[in-house]
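>>> one predicted model, sequence on top.
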Amino acid sequence: MTGSVSAGHGSARSLLSARVVRSEARLGPAPPVRARLLARLAPAAVAKAVGSRRFPLVAPSWPEQVERPEPERRVGLDYDTAWARRYPVRFARALLLDNITRPLATLIAAPDVRGLDGLSSDDAPVIFAANHASHLDTPLLLSCLPLRFRHRTVVAAASDYFFDRTWKAHLFAFSLAAIPIERTKVNRRSALLASELLGDGWNLIIFPEGGRSPDGWGQGFRPGGAAYLSVRTGRPVVPVHLAGTRQVLPKGATGIRRTETTVTFGTPLRPEPGEDVRRLGERIERSVALLADEQSSDWWSARRRAASGTTPPLRGPDVAPWRRSWSLEPAPSRAATRSRWPLRTGADATTG
Amino acid sequence: MSPRPGFVLEVDRSTPPTLFWHGERFRLERLPEGSRVIYAPEPLDPLPDPAAAIREALLHPLGDQQPLPALLRPGMRLTIAFDDISLPLPPMERPDIRQLVIEEVLDLAAAAGVDDVELIVALALHRRMTEPELRHALGDRIYDAFAPTGLLTQHDAEDPDALVHLGLTDQGEDVEINRRAAESDLLVYVNINLVAMDGGHKSVATGLSSYRSLRHHHNPQTMRHSRSFMDQHRSELHSANWRMGKLIAESGVTIFQIETTLNNDAFPPPFGFLQKREWEWGVRDRMAFVGASAVLDRTPAAAARQVFHRVRAPHRMTSVQAGEVEAVHLRTTENVWKQQGVPVEGQTDILTMGLPYISPYNVNSILNPILVACLGLGYFFNLYRGRPLVREGGVVIMSHPTPWEFNPVHHPSYIDFFEQVLSQTTDPVEVADTFEASFANDPWYIHLYRTGHAYHGVHPFYMWYWCAHALEHLGGVIVVGGDPAAVHRLGFRAASTMTDAIEMATDLVGRSPTLTHIHTPPLLLADVQ
């Protein structure tokens, strides 16, 4: 009975459904909205919209007999970042950093910033040398810099990772004031650029480990970065220790987990007379290890261990990989994170 | 990256449409599959320091010639002659090469204490240059130093007092050139070699001569035996000039020849797409093309012409050589070929070409129908060495609006030639035999040539003779988009579209013809194997 009523009454809904069914039968199922929008924005569709689908409104085809040359890509170390240090771009980046990056970093990582009292604007420009465990390190560190440093700081970023594509190079040069550096060795071009920028009054953030930690332990500082630039330019190095960022966004992770972090700034280190790059590099590493110790215990205990030469090394124990991981402190669980309005806490999320 | 050489592209389904000049406009044509498109080499790197290169050339001349400073002495008569407005095309950005070279020559003359110096524009039977044109070519410094005192003159081929007859060549050709140049202790000729045809003995023997002298090689017979003008060794035009040049040298005229070559960077960035291969057009090129086409299609031809004639080419000097005429010209020609030469295998049934708004004879003027014919059949057809690009009995398809329009100031005799001569015959020999003398000796044309800015009365005849080789060689000429009335007057056929034109051409060359397109700009010279 019910079936006969619904079949016999041609309501608007059922008519529409019938039309859709017929349309699908003819054309196949309609593509999702997003795909349709993207298709509408494709160059060929734009060309069609203005009345032509042909060259020159769309890109020319390439004759088969002509060998296609390797496109000249000004990426990697050759990428010119000068545009990102012009005033309009700096202004836009300052807006981004202060209004989006900082609040986001605070929300996600809740940084506890320590040791800023040892950092004077008289020291500027300086080289910030930090341990590196996460992609969060750079925006977090930038967010935590005092105002007098924050908007005049460039970030040394691996040319093979952050500058390998044009869009990535544009993105990181704009958002982080990144400059490309060779991470495996001292490259004349990148060293020259960094020295020139320090000479022009720009501060520099550099991660002397050359990459993010794969297991949570430090990787040992390479002398070619911060120490080399400090010896070359005479500018002080400010050791920085970042704790907890690996718990927020470890290497290889696809999602973010909200956790508290600690950013500890050390006292600026100046190259001493006659001190070579290697020795200064070791001193920087020791200073960051001291900050790590200080973060996990207290200042006085850490100083005492430093005085006795028993500061735990950043690199961790020289044992099998599983034992290195085992010896790390367990990551704080979601339930342990602090409640922060308006987002629900980890506990709320799991219960609700 | 070093400039890429020219090459021949075979059109297939993946080839984008090909750019054609169409007067003051552009056309994109999809050529049939299997057609060939000849692309010129990319612009060569310019000389890093042109002034130093010029000085070096003047101090270390080629051939049997002393360095310029050794030829300069106090009390001597020095004449510096130079090419006129017809070179280069489009006119180059300041500073013009002539200015750079002549300033170096004058510096040396001043250092040597030479007082009697005169500058002559080697016009032959071309129109006189205007003051702004001279200032552009020479720079204000030279113009202001010489023009006010009458020491910058324009060659007058109709002033009997300003000409001297040096004698007859072994072929009985009169050699009559500018008196001041002939009677100077030293004649320095400053040349710009845009194509291989320019320069050599042609500079003085043609540029500074009179109708009495020119008629011996500017005639249909000579033109038909010049195969082509770009190949000096197979050009009767050049042979005649070389004979005259030898006589000039034997008459005691000392010539210090300075020749320069340019790269083929002919259009500035807004028109950068003209210089590129179509499949390499980036977004900016395509937008520039679309924008330029949209504007030009809505702009009256006269206004578009004004815009284009304001374009200054970013040409740069690629070589400079000085010394004895023949030795210099040999080196110059090599350098021109280095920039423009493209090896091409075999001939074609149909040769297509897009003609621009400019030719050597209409700078700041209108490319009238006679000049359209001359540019297509006189110049573009002759851009070859070896054999013509198109086979005997083949067809040339030109793209140009060919308006029935003339500049009455620059081309008064062209109007009468078009109305009175071509309406009766288009045969170059008949044209020469029946009409040439009356136009050449017409006192009104002579008056306009001498006092105004008009080409000589005989000049349209020369333009028609320039086509003589092509007219004899070809089975037909089709003009795409041309004004039918004007095109028919020229003896050609008009077609609305390239497809129609190719279809019409098959009547003459048979089904499934081969087609080759000369892609210009930039200019190229086909070395046909």
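Arrived safely, thanks for sending.
>>> the residue of the stretch 101-250 of chain A found nearest chain B: how many residues sit nearby?
Residue of the stretch 101-250 of chain A nearest chain B, by CB to the nearest CB: residue A:166 (13.6 Å). In short, each C-beta sits where N, CA and C put it, glycine included. By other CB atoms under 10 Å in any protein chain shown, the residues close to residue A:166 number 13.
>>> just checking, it touches residue A:72?
No. Judged on CB atoms under 8 Å, residue A:166 makes no contact with residue A:72 at a distance of 11.2 Å.
>>> where does chain B have low pLDDT?
For chain B, applying pLDDT under 70 flags the ranges B:1.
>>> ok, chain A next?
A:1-32, A:34, A:36-53, A:71, A:73, A:186, A:320-352.
>>> switch the cut-off to 50
Scanning chain A for pLDDT under 50 picks out the ranges A:1-16, A:20, A:332-339, A:344-352.
>>> name the helix or strand for the residue in it that chain B sits nearest to, please.
The minimum distance from chain A to chain B, using CB to the nearest CB, falls at residue A:60 (3.6 Å). For residue A:60, there is no enclosing helix or strand under DSSP states H and E.
>>> how about the contacts made by it?
B:16, B:278-281, B:286 (CB atoms under 8 Å, 6 or more residues apart in numbering or on different chains).
>>> now, which of those residues sits nearest residue A:113?
Proximity of the contacts of residue A:60 to residue A:113 (CB to CB) peaks at residue B:286, which lies at 51.6 Å.
>>> residues in contact with that closest one?
A:55-57, A:59-60, B:273.
>>> and the helix or strand harbouring it, what's buried?
Following DSSP H and E, one finds residue B:286 within helix B:283-297. Buried residues in helix B:283-297, counting neighbours by 16 or more other CB atoms under 10 Å in any protein chain shown, are found at B:285-286, B:288-289, B:292, B:296.
>>> quick one: the strands in the stretch 201-350 of chain B?
B:255-262, B:317-323, B:341-344, B:348-354 (DSSP state E, counting those that start in this stretch).
>>> correction: the stretch 151-300 of chain A
A:153-158, A:178-181, A:203-206, A:237-243, A:261-265.
>>> outside of the second one, which residues touch it?
In other words, strand A:178-181. A:76-77, A:79, A:81, A:84, A:154-159, A:162-163, A:169, A:172-173, A:187, A:190, A:193-194, A:197, A:206, A:225.
>>> give me the number of residues near residue 262?
In the absence of a named chain, chain A is used. For residue A:262, using other CB under 10 Å, the count is 20.
>>> you looked at the wrong chain, it should be chain B
27.
>>> contact partners for it?
Residue B:262 makes contact with B:88, B:92, B:97, B:192-194, B:315-318, B:339 under the criterion CB under 8 Å, 6+ apart.
>>> now the strands of the stretch 151-300 of chain A as CSV including distance to residue B:500?
Putting the strands of the stretch 151-300 of chain A into CSV (distance: least, CB to CB, whole Å) gives the following:
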stretch, distance to residue B:500
strand A:153-158, 60
strand A:178-181, 56
strand A:203-206, 68
strand A:237-243, 74
strand A:261-265, 75
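>>> and those: which comes nearest residue A:273?
strand A:237-243 (15.9 Å).
>>> isn't there a strand covering residue B:85?
No. Counting by DSSP: H, G, I helix; E, B strand; the rest coil, residue B:85 is not part of a strand but coil.
>>> next one: phi and psi at residue B:515?
Recorded main-chain torsions at residue B:515 are phi -130, psi 140, according to degrees, to the nearest 10.
>>> run through the bridge partners of it.
Beta-bridge pairing of residue B:515 under DSSP bridges involves residue B:350.
>>> got it, and the one 10 residues further on?
On the basis of DSSP bridges, residue B:525 takes part in beta bridges with residue B:341.
>>> neighbours around it, how many?
Neighbour tally, residue B:525, other CB under 10 Å: 26.
>>> end-to-end on stretch B:14-29?
This stretch, stretch B:14-29, spans 14 Å end to end (CA to CA, to the nearest Å).
>>> centre of the chain to it, how far?
Relative to the mean C-alpha coordinate of its chain, stretch B:14-29 is positioned 23 Å out (CA atoms, centre = their mean, to the nearest Å).
>>> is it in proximity to chain A?
Yes. Remark: stretch B:14-29 sits within contact range of chain A at B:14-17, B:28, by CB under 8 Å from any CB of the partner chain.
>>> quick check: buried residues in that stretch?
The neighbour-count check on stretch B:14-29 (16+ other CB under 10 Å) flags B:15-29 as buried.
>>> spatially, which two of the residues you listed are the most separated?
So, those by CB to CB: farthest apart are B:15 and B:24, at 26.1 Å.
>>> wait, residue B:421 sits on residue B:435?
Yes. In this structure residue B:421 lies within contact range of residue B:435 using CB under 8 Å: 4.9 Å.
>>> need the overlap of contacts for the two.
Between them, residue B:421 and residue B:435 share the contacting residues residue B:461, judged by CB under 8 Å, 6+ apart.
>>> return the nearest residue of the stretch 201-350 of chain B with respect to chain A.
Nearest residue of the stretch 201-350 of chain B to chain A, counting by CB to the nearest CB: residue B:286, 4.1 Å away.
>>> actually chain B, not the one I wrote
residue B:16 (3.6 Å).
>>> SS state for that residue?
coil.
>>> distance of it relative to residue A:303?
Going from residue B:16 to residue A:303 by CB to CB, to the nearest Å gives 72 Å.
>>> swap in residue B:274?
From residue B:274 to residue A:303 the distance is 73 Å (CB to CB).
>>> which ones are touching the residue lying closest to residue B:356 once chain neighbours are set aside?
Nearest residue to residue B:356 in three dimensions, chain neighbours excluded: residue B:21, at 4.3 Å (CB to CB, 6 or more residues apart in numbering or on different chains). Counting by CB under 8 Å, 6+ apart, residue B:21 makes contact with B:354-357, B:399-400, B:520-521.
>>> tilt between the one helix or strand residue B:21 maps to and helix B:283-297?
Using DSSP H and E, the element containing residue B:21 is strand B:18-22. Using axes from the mean of the first three to the mean of the last three CA atoms, to 10 degrees, the direction of strand B:18-22 lies 30 degrees away from that of helix B:283-297.
>>> strands paired with strand B:18-22, and their directions?
Here, using DSSP bridges, strand B:18-22 pairs with strand B:25-29 (antiparallel).
>>> near chain B, which residues of the stretch 51-200 of chain A?
Neighbours of chain B within the stretch 51-200 of chain A, by CB under 8 Å from any CB: A:54-57, A:59-66.
>>> list just the nearest of the buried residues of helix B:283-297 to residue B:333.
Residue B:333 lies nearest to residue B:285 out of the buried residues of helix B:283-297, by CB to CB, at 32.8 Å.
>>> identify the residues contacting the closest residue to that closest one other than its chain neighbours.
Counting by CB to CB, 6+ apart, residue B:285 lies nearest to residue B:273, which is 4.0 Å off, once chain neighbours are set aside. Taking CB under 8 Å, 6+ apart, we find residue B:273 in contact with B:19, B:281, B:285-286, B:288-289.
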